[in-house]
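**Q** Return atomic coordinates for the entry below.
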Amino acid sequence: MTLYSEDMDTQEILKSLTLEEKVRLLSGTPSDFVSISGIPEKKITPLKTADSISGIRPSEFDGALTTACFPNTACIASTWNTELLERMGRELTRQAKTKHAQLILGPTINMHRDPRAGRNFECFSEDPLLSGYMGAAIVNGIQSQGFGACAKHFVCNDSETQRRYYNVDESPYGRTLREIYLAAWSFLLKRSNPAGVMTAYNKVDGKFCCDSEAIVEDILRKEWGYKGIVMSDWFGTRSTVASMKAGVDVEMPVPVFRGEKLVKAVNNGEIRQDQIDASVSRLLDLRRRTRNAQSEGPEKSEIFVQTNEIARQLAQEGIILLKNTKETLPIQGSNDLRVAVVGEYAKNAVFTGGGSASCNPQYRQVPLDLLRETLPNPDCVSYAAGVRLRRIIPVAPPEIITTDQGQKGVEILYFNAGGDKPFLTEILEEATINLMAQRKPGLELPGSHIEMSTNLVPKTTGTHTLALQHSGSFSVRVDGIEVFKGDAPDITTEQFLFNLRKLESRVELPMEAGKSYNIRISMQSRQPVVGEPTPYGLTLAFEEQYSEEQAISQAVEIAKMSDITIIFAGRSEQYESEGFDLEEITLPVNQVAMIKALAAVSKTAVLLHCGTPIDISSFVDDVDAIVNMHFPGQEGPQAMVDILTGKVNPSGRLTTTWFKTLQDWPSFGNFPARDNNDGNFVIKYAEGLAVGYRAPVSTARVQFPFGHGLSYTSFSYEGLRVSLDESSSPTVLKVSVRVTNTGSVPGKEVVQVYISPPDNVSDWRPSRELKEFTKVNLSAGEAREVSIDLDIDTFSSHWSDSLRAWTLDKGEYTVEVGSQRATFVI
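**A** Coordinates of the predicted model:
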């Protein structure tokens, strides 16, 4: 028997493998749901993957193991700093090593088409060039250390609603996809060579992406020359034969359509042996590329000082100062400066969005504590929680629940079908169990059920909320009396994982402070799901009654006595996540009411936590300063304090236009997917190329434009010069401009180069498009000549539907950099 060696010739390895062994390599392994299968008996080890660039997750989806938590992708994109993102990529590999992962699943190269998209926080921008170049920087950083990066999701996974089924009604050979959605990927591949590409769940032009020869084989592989692996998303493969013909190498996470079905397809002549060999060869190449990244042993979490420094700098440069009237920020004053801090996020910080891009931070900085440590007099910093900032009822706190045996937590009994006695009993300190991720030995489906019991003691008297997050039908008894029951929720596996609001059932009960209430819950299992894990889980949630009016009143009282009020507002991972889209982009009514009440009595700075734009039209004119915090990672609170106090000058710039209202977005009316009255879900890109700042709309509809971001200093531009170097191939446009820091403090400026087409073009084109950018750090009073080169394919060409090719319009083009304009002729 020939044993695998990294130094063996690929053809030699292929000859040593049977068809069945080759096919084993073309899917994930059922043992852990995160690894690409190996052949251990021939010393071909499984190749482990891990989400995501926001933080390398452990193998267990809901595992408690921590990791370095970086800012979300929209935040790091807002740095406009490719060098910094490349350094971030290198730091990610330190964490990947501790989790024994060779292939990092990310970055996400999908577009900010609509602000309701659930995964916008996980994507870079509305602009394809910015998305591709920033993504490439991370890929290059990761792969410089011998690890692999797998960019996702190819292509048009820009919405979560019906994401496994909807069809994007656009041709991959049309301008809309070529100049926006596919363009982001072409820019990525122009500057990097990712080890892997993950296909999207959805259809494009009537075909699932994993089955589309046009998208994978013709465009990605042949036209763009991509030679890395292509893998499906988790349970995203839809066929055996079509996916192989399209060029998808790996089905993840288990062989639903591969395995024996693929062996049979080869033996029947539906798939050629050389197609199998091509996919196996690419996987062998991936193993060679990442051989030095392979490691074994228990997963762990390790804190690195250098990693934390990069995470902090990413947050510092990504946080955006959107509004700052009357120099409200930075906070400056004497020792008796009085500062009011309002909002739950000040004590319980938001670090990341939800879904596979979420992670458990290694530590949790408390913004309020950091403010008190940093400001001159901590005694002059007051706090009020304000209104509650949550979408679901929180898990019952361990300190108020006790089992019948007197232990903190809940008792769980497990029963199989027909059994009147439990086959397993356990005590859990936290009142939650996920049996899909951690199946109990001996637990059978269907017909099993679980019982959860505890004694709950409220801290206050009132009408409190008891809630369950449940996968199956249930009943709840309090002190022996059934208080409510319900059916199994109509959910998918991914909704079970990501959208807990879909699992929630609530009841309000009058309860007394200090009194013990015996709670017993019984929940049935669901019918098994075919082709993917069956949802199975139960959580006891509890929240005591409170008055929103009183909460706002308490916040107003401390604001009245303060020189400035810092309001922590926005959203958390409960609102922005993989698995579902937002229904609206306004803040909850209670948050808006609180912000307006505080602004009426105090100078105010609002810190908005979000990964996608928020409609702030109801309070933007009331407040003095607005800061876009994003989801800033485990070093985010420190970065926030550095910016608020002026230690760091904000330099983040928007990568997505903030229109004033949802109705102002070009995609409004065509998002999310709609039922086509035949059971098929369709998304129409009716706005075409008019995405974000490319849309020909009035500036009156824009709250903050693409590229916007304020600073504590000011910059001027002068002396813009442009010239064509036709001796280069392709022709190069040389741009230079003098940038001066005209303020009194150091600052970083993002130099953005836009190009406008000639007046008489053959096809409609946006009035201007971003074509290059760079970031410069200037001391107070410092001036610098900034030079940028662009190739002609990037700065002037556009896609011709009739020719199905890139073409160039002749005429006079305009270059815009800051306040400067210049022209050149082609």
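
**Q** quick one: contacts for Ala605?
**A** Ala605 is in contact with Thr328, Leu329, Ile564, Thr565, Ile566, Ile567, Val623, Asp624, Ala625, Ile626, Val627, Leu644, counting by CB atoms under 8 Å, 6 or more residues apart in numbering. All C-beta atoms are positioned from the backbone trio N, CA, C, and that covers glycine.

**Q** In contact with the first one, which residues are there?
**A** Just to be clear, that refers to Thr328. Ile564, Lys603, Thr604, Ala605, Asp624, Ala625.

**Q** Let's see the pLDDT reported for it.
**A** pLDDT for Thr328: 97.

**Q** now do the third one
**A** Predicted confidence (pLDDT) for Ile564: 98.

**Q** shouldn't it be in contact with Val341?
**A** No - at 9.8 Å, Ile564 does not count as touching Val341 under the criterion of CB atoms under 8 Å.

**Q** quick one: the most centrally placed residue in the chain and His630, what's the gap?
**A** For the chain, Glu122 is the residue whose C-alpha lies nearest the centre (CA atoms, centre = their mean; 2.1 Å). Distance check for Glu122 against His630: by CB to CB, to the nearest Å, it reads 11 Å.

**Q** more neighbours, Ile564 and Val341?
**A** Neighbours were counted for Ile564 and for Val341 using other CB atoms under 10 Å; Val341 has more, 26 against 21.

**Q** my read is that one is in a strand, agree?
**A** Yes - checked against DSSP: H, G, I helix; E, B strand; the rest coil, Val341 lies within a strand.

**Q** Quick check: which ranges of this structure have low pLDDT?
**A** In the prediction, the chain carries residues with pLDDT under 70 at positions 1-4, 6, 437-438.

**Q** Quick one: the helices in the stretch 651-800 of the chain, in order.
**A** 792-795 (DSSP state H, counting those that start in this stretch).

**Q** if we can go back for a sec, now do the shared contacts for Glu122 and His630.
**A** Listed as contacting both Glu122 and His630 by CB under 8 Å, 6+ apart are Asn72, Ala74, Gly611.

**Q** Show me which of those are buried.
**A** Asn72, Ala74, Gly611 (16 or more other CB atoms under 10 Å).

**Q** Looking at the residues you listed, which are in helices?
**A** Ala74 (DSSP state H).

**Q** Could you dump the buried ones among the shared contacts of Glu122 and His630 into CSV and include distance to Asn268?
**A** CSV is the format used below for those (distance: CB to CB, whole Å):
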residue, distance to Asn268
Asn72, 47
Ala74, 47
Gly611, 47
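
**Q** Looking at the buried ones among the shared contacts of Glu122 and His630, which is nearest Val250?
**A** Lowest distance from Val250 to those (CB to CB) belongs to Asn72, with 26.9 Å.

**Q** Now for the closest one: which residues touch it?
**A** By CB under 8 Å, 6+ apart, the residues touching Asn72 are Ser54, Phe121, Glu122, Thr352, Gly353, Ala357, Gly611, His630, Phe631, Pro632, Gly633.

**Q** Redo the contacts of Thr328 as a markdown table? Include distance to Leu389.
**A** Putting the contacts of Thr328 into a markdown table (distance: CB to CB, whole Å) gives the following:
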| residue | distance to Leu389 |
| --- | --- |
| Ile564 | 21 |
| Lys603 | 22 |
| Thr604 | 17 |
| Ala605 | 17 |
| Asp624 | 21 |
| Ala625 | 20 |
